[in-house]
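Trainee: let's see this in three dimensions:
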Amino acid sequence: MKSKFSRRLQELNNDEKGRRWIYVPYDQVTDRIGPLAKMPPEETGIVLVESPWKAARRPYHKQKLALILSNLRHFALEQAQRGVAVRHIVSNGPYSLGLEAQCNELGPLTMMEAAEYELRVDLAKLIESKKILVLPHEGWLTTVDQLMAIQTKGGCYRMDAFYRLVRQQTGILMEGANKPTGGKYSFDSENRQAWKGDPEPPALPQFLVDEITIEVGDLISQHFADHPGRLDLEHLPATQEDADNLWQWAQQNCLTNFGPFEDAMSTKSNSLFHTRISACLNLHRLIPKQVIQDVLGCDIPISSMEGFIRQIIGWREFVHKIHVVTSGFRTLDSTKTESDKTTSNKNTFDNGAVVSHLGADNDLPRAYWDYGNPSGMNCLDTVVKAVWQDGYSHHITRLMVLSNIANLLDVSPRQLTDWFWVAYTDAYDWVVEPNVMAMGTFGVGDLMTTKPYISGAAYINKMSDYCRECQFDPAKNCPITRLYWAFLDRHKDKLAGNQRLSMPMNSLQKRSDTNKAEDKIVFERVLQTLKDDKALARDIAIF
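Mentor: Below is the predicted model of the structure:
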């Protein structure tokens with residue numbers, strides 16, 4: 001029996017004769033850039049591929065699967081309504097498996113270069129044999145050459161230098177060649193306010209749940225019932241109109257206060273004034289260039305404008321280029337890769353780079369996977385619960401709670417990266433591997449960050465209200481503080497000489513042997529307790 005989507009597509013679809021055919025990957029569902037933006041609809045055909053095999057390779061969040069699949073199906077219908085001929089196929093295997101038959105029938109397909117390394121590897125043989133012709137990806141705002149221009153003599157890369165270069169070369173937020181708008185390139189120092197409850201964060205927008213999205217939700221509930229996470233179709237932007245409405249909501253309700261509270265965290269709001277457009281940006285429902293133009297036209301404080309733009313043309317572009325030049329860190333001397341045992345095509349994929357500059361190799365605690373099995377630390381448990389409910393939390397909770405605590409426990413960078421990959425709706429290999437393996441865990445050393453991003457309880461207490469409802473007192477018995485000192489002591493040899501850690505390392509030298517011994521004991525207790533899938537006891541760390 002045909003699905004409602006299949007019947008609807010059949011009703012709308014167009015004659016295939018005389019078409020030039022394009023393959024549109026799952027994260028390029030747009031006609032605003034690329035060949036679809038240039039070719040007349042009546043002369044164009046597109047091939048879209050659903051791969052249940054891909055969806056089952058990892059335990060992806062149900063909401064992530066729904067977001068990708070619902071957008072793909074709605075995009076198919078949108079293009080058919082424009083006059084484009086649409087071939088929608090289901091391939092229970094790698095994308096190349098389904099596409100090869102289409103290439104043999106239709107002739108060479110054109111596509112924009114795949115963003116994900118994993119998809120580029122999958123399609124490599126079809127590309128080499130000229131069955132797929134690759135055009136540059138027009139969604140990116142920068143080039144590898146720009147990244148290489150700021151590479152240090154030691155072979156490292158720094159986002160600040162990259163960001164300044166991009167600003168200078170594009171003229172974005174510039175008043176002349178070397179004069180940034182507002183007098184400086186970054187207003188980060190002004191964007192570190194804790195949120196005390198005012199102003200009120202906006203309610204999240206809801207979207208019409210049509211029969212196509214409902215059908216996708218039913219499919220996921222039936223075939224991926226064992227995947228983690230909650231399906232929340234009312235907050236899922238599934239169409240181009242939904243994505244545009246989300247962006248309008250964000251401009252009107254978030255951007256003014258985004259800057260000051262960019263780093264704030266709260267139990268009362270999972271996103272505060274973050275726009276939540278990252279998933280739509282990474283699907284290219286929203287186009288980065290247009291988003292930047294829109295923000296430049298907004299009447300908002302310069303600190304909010306610069307802070308938001310830095311996220312797009314600074315960090316987002318930076319991590320993508322890092323991923324490209326290192327092939328996802330596979331080309332580093334310290335890198336190992338593991339064969340993916342979940343696929344029968346062993347020559348197609350691997351599990352990715354395995355890096356650990358500090359030698360961290362502990363398993364990720366079960367508390368990250370199951371918020372019904374809490375750690376006992378309210379900051380971690382609050383954020384984990386939000387992630388499995390929404391497939392989202394903002395960048396400071398990702399960095400200074402989830403990554404920080406995993407770092408302090410010497411969790412394997414690869415395991416934490418894979419967790420982020422499956423848990424977040426905006427996560428793809430080019431996003432999470434640099435963000436988590438490089439920045440979040442310092443897994444590749446100082447290649448693209450200057451120090452591990454770690455903290456004790458004081459920072460979390462300063463920037464959030466998590467500690468107020470926690471069994472632990474940040475000044476008396478929170479284990480995170482002793483975990484912090486134990487981390488510095490364990491890794492003091494590799495961290496010696498790091499200028500950005502000079503103050504805490506000097507403090508470590510002055511720390512008493514008794515305290516250092518207790519720090520180590522707390523680390524071992526916490527690690528074992530979480531390995532045993534138990535919550536931490538209130539007296540696990542007394543100062």
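
Trainee: the stretch 251-400 of the chain: helices as residue ranges?
Mentor: Chain-ordered helices for the stretch 251-400 of the chain, with DSSP state H, counting those that start in this stretch as the definition, fall at 255-258, 278-283, 288-296, 302-309, 317-325, 378-390, 395-397.

Trainee: of all those helices, which one is nearest Trp485?
Mentor: Closest of the helices of the stretch 251-400 of the chain to Trp485 is helix 378-390, at 17.9 Å (criterion: CB to CB). For the C-beta atoms, the positions are set from N, CA and C on the backbone; glycine is no exception.

Trainee: now render the helices of the stretch 251-400 of the chain as TSV, adding mean pLDDT.
Mentor: Putting those into TSV (pLDDT from 0 to 100) gives the following:
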stretch	mean pLDDT
helix 255-258	97
helix 278-283	98
helix 288-296	98
helix 302-309	97
helix 317-325	98
helix 378-390	97
helix 395-397	97
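
Trainee: make a markdown table from the ones you listed and add mean neighbour count to it.
Mentor: A markdown table is the format used below for those (neighbours: other CB atoms under 10 Å):
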| stretch | mean neighbour count |
| --- | --- |
| helix 255-258 | 20 |
| helix 278-283 | 23 |
| helix 288-296 | 16 |
| helix 302-309 | 21 |
| helix 317-325 | 21 |
| helix 378-390 | 22 |
| helix 395-397 | 22 |
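
Trainee: could you dump those into TSV and include distance to Leu119?
Mentor: Compiled in TSV, those are given as follows (distance: least, CB to CB, whole Å):
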stretch	distance to Leu119
helix 255-258	32
helix 278-283	13
helix 288-296	19
helix 302-309	28
helix 317-325	13
helix 378-390	24
helix 395-397	25
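
Trainee: Leu236 is nearest to which of those?
Mentor: For Leu236, the closest of those is helix 278-283, at 9.3 Å, according to CB to CB.

Trainee: and the pLDDT for Gly176?
Mentor: The confidence metric pLDDT takes the value 85 at Gly176.

Trainee: nope, Thr342 is what I meant
Mentor: What the model reports for Thr342 is a pLDDT of 35.

Trainee: about what we covered before: so which of the helices of the stretch 251-400 of the chain comes closest to Met39?
Mentor: helix 288-296 (19.7 Å).

Trainee: would you mind pulling up the elements that the closest one packs against?
Mentor: Where contact means 3 or more CB pairs under 8 Å, 6 or more residues apart in numbering; DSSP states H and E, helix 288-296 is packed against helix 240-253, helix 302-309.

Trainee: what would the ones you listed look like in a markdown table with distance to Lys336?
Mentor: As requested, the helices and strands packed on helix 288-296 are exported to a markdown table (distance: least, CB to CB, whole Å):
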| stretch | distance to Lys336 |
| --- | --- |
| helix 240-253 | 39 |
| helix 302-309 | 37 |
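
Trainee: what about the nearest residue to Gln193 once chain neighbours are set aside, how many neighbours?
Mentor: With sequence-adjacent residues excluded and distances taken as CB to CB, 6 or more residues apart in numbering, Gln193 is closest to Pro260, at 4.6 Å. By other CB atoms under 10 Å, the residues close to Pro260 number 21.

Trainee: for Pro260, give me its contacts.
Mentor: Glu190, Asn191, Gln193, Ser303, Ser304 (CB atoms under 8 Å, 6 or more residues apart in numbering).

Trainee: also Thr143?
Mentor: By CB under 8 Å, 6+ apart, the residues touching Thr143 are Lys321.

Trainee: do Phe523 as well
Mentor: If you count contacts by CB under 8 Å, 6+ apart, Phe523 has them with Leu408, Leu409, Arg482, Leu483, Ala486, Phe487, Arg490.

Trainee: what do you get for Tyr453?
Mentor: So Tyr453 contacts Leu399, Met400, Ser403, Asn404, Asn407, Met439, Gly440, Phe442 (CB under 8 Å, 6+ apart).

Trainee: among these, name the ones in helices.
Mentor: Among the contacts of Tyr453, the ones falling in helices (DSSP state H) are Asn404, Asn407.

Trainee: against Ile277, how distant is Glu262?
Mentor: 15 Å (CB to CB, to the nearest Å).

Trainee: of these two, who's got more company?
Mentor: More crowded of Glu262 and Ile277, by other CB under 10 Å: Glu262, with 25 against 21.

Trainee: tabulate the contacts of Phe523 (a markdown table), appending secondary structure and pLDDT.
Mentor: Output for these, formatted as a markdown table (DSSP: H, G, I helix; E, B strand; the rest coil; pLDDT from 0 to 100):
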| residue | secondary structure | pLDDT |
| --- | --- | --- |
| Leu408 | helix | 98 |
| Leu409 | coil | 98 |
| Arg482 | helix | 98 |
| Leu483 | helix | 98 |
| Ala486 | helix | 98 |
| Phe487 | helix | 98 |
| Arg490 | helix | 98 |
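
Trainee: ChimeraX command for the buried members of these?
Mentor: Selection of buried members from these for ChimeraX, criterion 16 or more other CB atoms under 10 Å:
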select :408,409,482,483,486,487,490
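
Trainee: closest one of the contacts of Phe523 to Glu234?
Mentor: Closest approach to Glu234 among the contacts of Phe523 (CB to CB): Leu409, at 35.9 Å.

Trainee: quick one, what contacts that closest one?
Mentor: Neighbouring residues of Leu409 by CB under 8 Å, 6+ apart: Asn362, Pro365, Leu483, Phe523, Val526, Leu527, Leu530.

Trainee: now Cys103: how far from Ser51?
Mentor: 16 Å.

Trainee: do the same with Tyr95
Mentor: 6 Å.

Trainee: okay, these two: which has more neighbours?
Mentor: More crowded of Tyr95 and Ser51, by other CB under 10 Å: Tyr95, with 23 against 19.

Trainee: is it true that that one touches Arg120?
Mentor: No - between Tyr95 and Arg120 there is no contact under CB atoms under 8 Å: 10.7 Å.

Trainee: that older thread, show me the contacts of Leu409 that map onto strands.
Mentor: For the contacts of Leu409, not one is inside strands, with DSSP state E as the criterion.
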